[in-house]
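> have a look at this prediction, sequence included:
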Amino acid sequence: MFIRELSEGEHYILDTGHLVAYEDSASYTLKKAAKGLFSTLASGEGMVCDFTGPGKIWVQTRNLKGFAGLLAKLMPKQG
């Protein structure tokens, strides 16, 4: 995990699957990751947050689904 600190008016686009938290001082708009509906569905991407500073954003470097899949492979199996 890392923290991205945005200065006044600075933009940072982040996939929603990597967002952990953000300060109230940072604002965001929710956007499609791709331009058109077909492109969005074909790419497998969903929504992104376009943050505007000032403020801090906490970011996880792996998306939760991918991280859980990695951990599941390491867990002991019942049987």
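Noted; the coordinates are in hand.
> how about the helices in the protein?
37-43, 64-74 (DSSP state H).
> what packs against the last one?
This means helix 64-74. On a contact count with 3 or more Cβ pairs under 8 Å, 6 or more residues apart in numbering; DSSP states H and E, helix 64-74 meets no helix or strand. In short, each C-beta sits where N, CA and C put it, glycine included.
> and it, how far out from the chain's middle?
17 Å (Cα atoms, centre = their mean, to the nearest Å).
> one more: stretch 70-79?
Remark: stretch 70-79 is offset 26 Å from the chain centroid, using Cα atoms, centre = their mean.
> over to stretch 1-9?
For stretch 1-9, the distance to the chain centre is 14 Å (Cα atoms, centre = their mean).
> next one: stretch 58-77
Distance of stretch 58-77 from the chain centroid (Cα atoms, centre = their mean) equals 15 Å.
> can you check stretch 53-63 too?
8 Å.
> give me the mean pLDDT for that stretch.
Mean pLDDT, computed over stretch 53-63, is 90.
> for that stretch, buried residues please.
Residues 53, 55, 57, 59 are the ones in stretch 53-63 that count as buried (16 or more other Cβ atoms under 10 Å).
> dump the residues you listed to CSV, plus distance to Ala21.
Formatted as CSV, those follow (distance: Cβ to Cβ, whole Å):
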residue, distance to Ala21
Gly53, 15
Gly55, 11
Ile57, 8
Val59, 9
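> take the residues you listed and keep only those in strands.
55, 57, 59 (DSSP state E).
> residue contacts, the residue nearest to Asp24 when sequence neighbours are not counted?
Excluding the flanking residues, the one nearest Asp24 by Cβ to Cβ, 6 or more residues apart in numbering is Gly55, at 7.4 Å. If you count contacts by Cβ atoms under 8 Å, 6 or more residues apart in numbering, Gly55 has them with 5-6, 22-26.
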